[in-house]
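S.K.: Sequence and predicted model, in that order:
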Amino acid sequence: MRLYSLSVLYKGEAHVQLLKTASDVSTFNFFQRSSVQEFMTFTSQLIVERSGLGSRASVKEQDYLCHVYVRSDGLAGVVIADNEYPSRVCFTLLDKVLEEFSRQVSRVDWPSGSPATISYAALDGYLSKYQVWVLGF
């Protein structure tokens with residue numbers, strides 16, 4: 001069971017904005033890592049774009065299961081995991097991350113934010129914690 005990516009995005013009227021992302025591509029071949037990272041970013045944005053406000057879904061894409069939660073205020077989260085990772089844990093993680101993100105980052109910054117301008121450092125920690133938690137270490 002493995003988590004590969006955790007992203008926070010904003011679904012605006014015109015487009016989807018990536019706000020922050022954390023990923024673990026260490027299990028991939030060195031030469032594949034940048035392509036895998038691009039795939040995960042693109043897939044996360046596409047899934048949020050196609051999801052309605054206030055919705056949750058799990059979408060199978062190639063060998064991955066993408067779990068998406070789009071809140072009614074447009075803030076969205078995506079977890080990309082393997083097929084064995086429990087979906088309930090993914091949605092618990094998304095609830096926790098989006099709630100914390102909305103408290104720490106002003107809503108005014110969501111429509112124009114980017115990974116370089118948004119100050120929220122907890123994603124890498126959550127990705128590591130939930131990777132270890134489900135493995136039982």
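M.R.: Nice, I can see it.
S.K.: For residue 62, the count of nearby residues, please.
M.R.: When counting by other C-beta atoms under 10 Å, one arrives at 8 neighbours for residue 62. Where you see a C-beta, it was placed from the backbone N, CA and C, and this is true even at glycine.
S.K.: where does it fall, phi/psi-wise?
M.R.: The phi and psi torsions at residue 62 (degrees, to the nearest 10) take the values phi 60, psi -120.
S.K.: Kindly report the same for residue 47.
M.R.: For residue 47, the backbone dihedrals are phi -70, psi -40 (criterion: degrees, to the nearest 10).
S.K.: what's near enough to touch it?
M.R.: If a contact means C-beta atoms under 8 Å, 6 or more residues apart in numbering, then residue 47 has 57, 59, 66, 68, 78 as its contacts.
S.K.: Stretch 50-66: how far from the chain's middle?
M.R.: A distance of 11 Å separates the C-alpha centroid of stretch 50-66 from that of its chain, computed with C-alpha atoms, centre = their mean, to the nearest Å.
S.K.: List the residues that contact residue 4.
M.R.: Residue 4 makes contact with 23-25, 36, 40, 64, 80-82 under the criterion C-beta under 8 Å, 6+ apart.
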